[in-house]
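1. I need the structure of the sequence given here:
(chains A and B)
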Amino acid sequence: MRLPPMLLVTLREDPAEAEIPSHKLLLRAGYIRRIASGVYAYLPLMWRVLQKVSQIVREEMNAAGAQECLLPQLQPAELWQESGRWETYTKAEGIMFALIDRQQREMGLGPTHEEVITAIARDMIRSYRQLPVNLYQIQTKFRDEIRPRFGLMRGREFIMKDAYSFDADEAGMKLTYQKMNQAYHNILRRSGLKFRAVDADSGAIGGSGSQEFMVLAEAGEDEILYTADGKYAANVEKAVSLPADAVPSPFTTAEKRETPGTDTIEKMCKFLQCSPTCVVKNVLYQAVYDNGMMVLVLVSIRGDQDVNEVKLQNELVKLAADYRATTVIALTVPDAAAQEKWAAKPLPLGYMAPDLADSYIKPPKPAPVEVKAAGGVVPKFLRLVDQTAVALQNFATGSDEAGYHVVGANWGQEFKLPDRVVDVRKATVGDRALHDASQTLQTARGIEIGHIFQLGTKYSQALGATYTNEQGEDRPLVMGCYGVGVSRLAQSAVEQAHDKDGIIWPVSIAPYHAIVVVPNVADAEQMQAAAQLYTELNQAGVETLLDDRNERAGVKFKDADLIGIPYRIVTGKSLKDGKVEVVNRATREMQELPLVYVVPTLQEWIAAAIAV
RNA sequence: CGGGAUGUAGCUCAGUUGGGUUGAGAGUUGCCGCUUUGGAAGCGGAAGGUCGUAGGUUCAAAUCCUACCAUCCCGACCA
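-> Below is the predicted model of the structure:
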């Protein structure tokens, strides 16, 4: 491609709308333009990058035995009602764009495709003889994100590869999952990214095991905990570890003590001269279930530990049936305004005890025993105790009276141990690892660009997707699903590799391999040599741009650096010796090559760079 | 949805505190001309703005008031 006919508009300054380097650079270099919040146009250079990424994904998926297809983005509400996700995905904090067509039918724009694919499987897969099947597509997804961010990192419209596998049984599904795991490693490696596969929470998608593929970058939204021996890596949401050992309690007898102005664990421990590991901290959450029911959750946990809200939410989802709900749609620490809505009297904040009285909650208006109406507040605290707090003896905790704590308390004596013992503690950097206590957790930040799930039969059962096994029995299909954020992956590459002058694309996903720059377009010899190189390179399969704009050399060098083409060929001063300069964008290394060597040399370099 | 901020030329921003013919302005991009030709060079010229939108206050509003809209940042969601 010659530069004049190609739409290339570069910006001299960072656009005000961008915050992180990759977003700034993609805008400055003319790869993307914002059309609305979280909605971007992929301009010609960007589209080539996305095609390159897609092609790598396609090759690896095909190699792993998956087949490409294309599913509808416009989807009927009925399918989502069948799976039970319509309400949670379109109402409240839901992320699905929903609309009503001219026949008053409810439709949604696909945020994901479990429902559609399962409906197809239900129709088409009848026999074990057809299994396993793994279908994938590369397509635009729509998600009405609560907060779109950072350009393509979190858009409301973005390109994703999603795959769905169907197996006869758990073992088959696990095998497919392993193949996908390998394919994902291949995809990321070939895309030239530094990454880590980590244990992950399954979130709203559901299912059992799942792994995320994290591209390592400071701007990443996720925290990863891992051990140096390489045997453990997990998203902090999912991570497990050994807590520090508790210090023996200095308290010997149970008593209430005046502790003025100690509404934080830190102040209290200083005042009482004890370790936070001798304290039972009681944290209040408010959870809203999908039927509108609000439940106040009191979590008792060891004072030095923090609650992992993802784990807590998972525990609450398990209890949903107790409240005639199916899932949790919001989980927050209630602020003053939120407390006012349900609190009968001011809470002893900072001094709450595990047995905080239920009378702090306003009784329901008509005062029925059970709250049935939507939006009701359950008039009893849901009391949970984290494992770390269970074994404590002679601990200190709140007294339910501001300015006073109880010390030397024990479960079963001063306080009743809550019935539900859970693991909701947050693993943190420095904790000892479970698999080997001599290993401590280290931290890194990552961008989640892939996630693979073992779904099991959640959707196939909901939608009645069954097959007949060898014994002639009907069995639900065992599913897996596997996503790659194609557009996010592309931006992550920029986040991971750039310098002050611009983008440094990995060769495998760069929009072009090489750019021929003519410093002086008035020099016929330079122009002739450049035109010839440009033609020969392209014919030889080296994807090449030609910049023969009537600009000063500096402008063209700056632009070439900014857009990040891996190899720059300059028909400059050494042309009189029959040589051109070839510059490596990443290393800045420059060498002069005789004209005839240019094509084979670049072919060799590119092949070497791509064959990782 | 809660909290914070912003909205003035294609882009980055002054001007708003204290309303006023001292000009709606600077840099940059794009356009024209000259000059220049190895890291966004120089000189000159012309062009480019419903000052986010709609009301209101006032003799007078980019500036004060109200509402709305949009965008960005911090939390919950996720590829």
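
2. Output the below-cut-off pLDDT ranges for the stretch 1-150 of chain A.
-> Scanning the stretch 1-150 of chain A for pLDDT under 70 picks out A:92-93.

3. And the helices in it, which stretches?
-> Ranges of helices in the stretch 1-150 of chain A, per DSSP state H, counting those that start in this stretch, are A:21-28, A:44-63, A:77-83, A:86-90, A:114-124.

4. Nearest approach to RNA strand B belongs to which of these?
-> Between RNA strand B and the helices of the stretch 1-150 of chain A, the tightest spacing by Cβ to the nearest atom of the strand is seen for helix A:21-28, at 6.8 Å. C-beta: built from backbone N, CA, C; applies to glycine.

5. counting contacts, what elements does that closest one pack onto?
-> The contact analysis (3 or more Cβ pairs under 8 Å, 6 or more residues apart in numbering; DSSP states H and E) places helix A:21-28 against strand A:32-36, helix A:486-496, strand A:498-499, strand A:502-503.

6. what's the angle between it and helix A:486-496?
-> Put simply, helix A:21-28 runs at 110 degrees to helix A:486-496, going by axes from the mean of the first three to the mean of the last three Cα atoms, to 10 degrees.

7. Pull out the buried residues from helix A:21-28.
-> Using 16 or more other Cβ atoms under 10 Å as the test for burial, helix A:21-28 gives A:21-28.

8. swap in stretch A:339-353?
-> Across stretch A:339-353, burial judged by 16+ other Cβ under 10 Å covers A:339, A:342-343, A:347-348, A:350-353.

9. want to throw the residues you listed into a markdown table with secondary structure and distance to residue A:361?
-> Shown next, in a markdown table, are the buried residues of stretch A:339-353 (DSSP: H, G, I helix; E, B strand; the rest coil; distance: Cβ to Cβ, whole Å):
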| residue | secondary structure | distance to residue A:361 |
| --- | --- | --- |
| A:339 | helix | 10 |
| A:342 | helix | 6 |
| A:343 | strand | 7 |
| A:347 | coil | 10 |
| A:348 | coil | 14 |
| A:350 | coil | 19 |
| A:351 | coil | 17 |
| A:352 | coil | 13 |
| A:353 | coil | 15 |
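
10. residue contacts, residue A:47?
-> By Cβ atoms under 8 Å, 6 or more residues apart in numbering, residue A:47 lies in contact with nothing.

11. and of the buried residues of stretch A:339-353, the nearest to RNA strand B?
-> Ranked by distance to RNA strand B (Cβ to the nearest atom of the strand), these are led by residue A:339 at 13.0 Å.

12. Contacts only, for the closest one.
-> residue A:347.

13. From the buried residues of stretch A:339-353, pick the one nearest residue A:305.
-> Relative to residue A:305, the closest of the buried residues of stretch A:339-353 is residue A:352; by Cβ to Cβ it sits at 16.2 Å.

14. so how far is residue A:283 from the closest one?
-> Separation of residue A:352 from residue A:283 (Cβ to Cβ, to the nearest Å): 8 Å.

15. if I look at the two, which residues touch both of them?
-> residue A:298.

16. Just say which of the helices of the stretch 1-150 of chain A is most tucked in.
-> Mean neighbour count (mean count of other Cβ atoms under 10 Å) peaks for helix A:21-28 among the helices of the stretch 1-150 of chain A, with a mean of 23.

17. Next, the angle from it to helix A:44-63.
-> Comparing the axes of helix A:21-28 and helix A:44-63 via the same axes, to 10 degrees yields an angle of 130 degrees.

18. what's the neighbour count on residue A:395?
-> Here the number of neighbours of residue A:395 (other Cβ atoms under 10 Å) works out to 29.

19. ok, back up a step: filter the buried residues of helix A:21-28 down to the ones near RNA strand B?
-> For RNA strand B, the contacts drawn from those by Cβ under 7 Å from any atom of the strand are residue A:28.

20. Relative to RNA strand B, which residue of the stretch 351-500 of chain A is the closest?
-> Nearest residue of the stretch 351-500 of chain A to RNA strand B (Cβ to the nearest atom of the strand) works out as residue A:485 at 2.7 Å.

21. any idea what sits nearest that residue, other than its immediate chain neighbours?
-> Distance criterion Cβ to Cβ, 6 or more residues apart in numbering; nearest residue to residue A:485, sequence neighbours excluded, is residue A:449 at 5.1 Å.

22. State the three-state secondary structure for the one you found.
-> Using DSSP: H, G, I helix; E, B strand; the rest coil, the structure places residue A:449 in strand.

23. so how far is residue A:37 from the residue nearest the centre of chain A?
-> In chain A, the residue lying closest to the centroid (Cα atoms, centre = their mean) is residue A:448, at 3.8 Å. Look at residue A:448 and residue A:37: by Cβ to Cβ, they are 21 Å apart.

24. for the residue in the stretch 451-600 of chain A that RNA strand B sits nearest to, what are its contacts?
-> Minimum separation of the stretch 451-600 of chain A from RNA strand B (Cβ to the nearest atom of the strand) falls at residue A:572, amounting to 1.3 Å. Under the criterion of Cβ under 8 Å, 6+ apart, the neighbours of residue A:572 are A:519, A:526, A:553, A:580-581.

25. now with 6 Å?
-> Counting by Cβ atoms under 6 Å, 6 or more residues apart in numbering, residue A:572 makes contact with A:519, A:581.

26. Residue A:310 now?
-> Residue A:310 makes contacts with A:201, A:237, as judged by Cβ under 6 Å, 6+ apart.

27. you'd agree it is in a helix?
-> Yes: under three-state DSSP, residue A:310 sits within a helix.

28. For stretch A:412-420, give me every contacting residue.
-> Stretch A:412-420 has contacts (Cβ under 6 Å, 6+ apart) with A:254, A:354-355, A:383-385, A:409, A:411.

29. What subset of the residues you listed is buried?
-> So, by 16+ other Cβ under 10 Å, the buried ones in those are A:354-355, A:383-385, A:409, A:411.

30. can you name the two of those residues that are farthest apart?
-> Pairwise distances across these peak at 17.9 Å for A:384 and A:409 (criterion: Cβ to Cβ).

31. Run through the residues of the stretch 451-600 of chain A sitting next to RNA strand B.
-> Residues of the stretch 451-600 of chain A found near RNA strand B (Cβ under 7 Å from any atom of the strand) are A:451, A:483-485, A:487-488, A:501, A:519-520, A:522, A:552-555, A:557-559, A:561-562, A:570, A:572-574, A:581, A:583, A:590.

32. Convert the C-alpha atoms of the worst-scoring helix or strand of chain A on mean pLDDT to CSV, please.
-> Least confident helix or strand of chain A, by mean pLDDT, DSSP states H and E, is helix A:336-342 with a mean of 76. Extracted in CSV, the C-alpha atoms of helix A:336-342 (Å, rounded to 0.1, in the frame of the first residue of the first chain):
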residue,chain,number,x,y,z
ALA,A,336,-24.4,5.8,55.3
ALA,A,337,-27.2,6.5,52.8
ALA,A,338,-27.8,2.8,52.2
GLN,A,339,-27.9,2.0,55.9
GLU,A,340,-30.5,4.6,56.5
LYS,A,341,-32.9,2.7,54.2
TRP,A,342,-33.0,-0.3,56.4
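
33. Skipping adjacent residues, who's closest to residue A:265 in space?
-> residue A:303 is the one closest to residue A:265 (Cβ to Cβ, 6+ apart), at 4.8 Å.

34. My read is that the one you found contacts residue A:281, right?
-> Yes: shown here, residue A:303 and residue A:281 form a contact pair, counting by Cβ atoms under 6 Å, at 4.7 Å.

35. what do these two both touch?
-> With Cβ under 6 Å, 6+ apart as the test, residue A:303 and residue A:281 both reach residue A:265.
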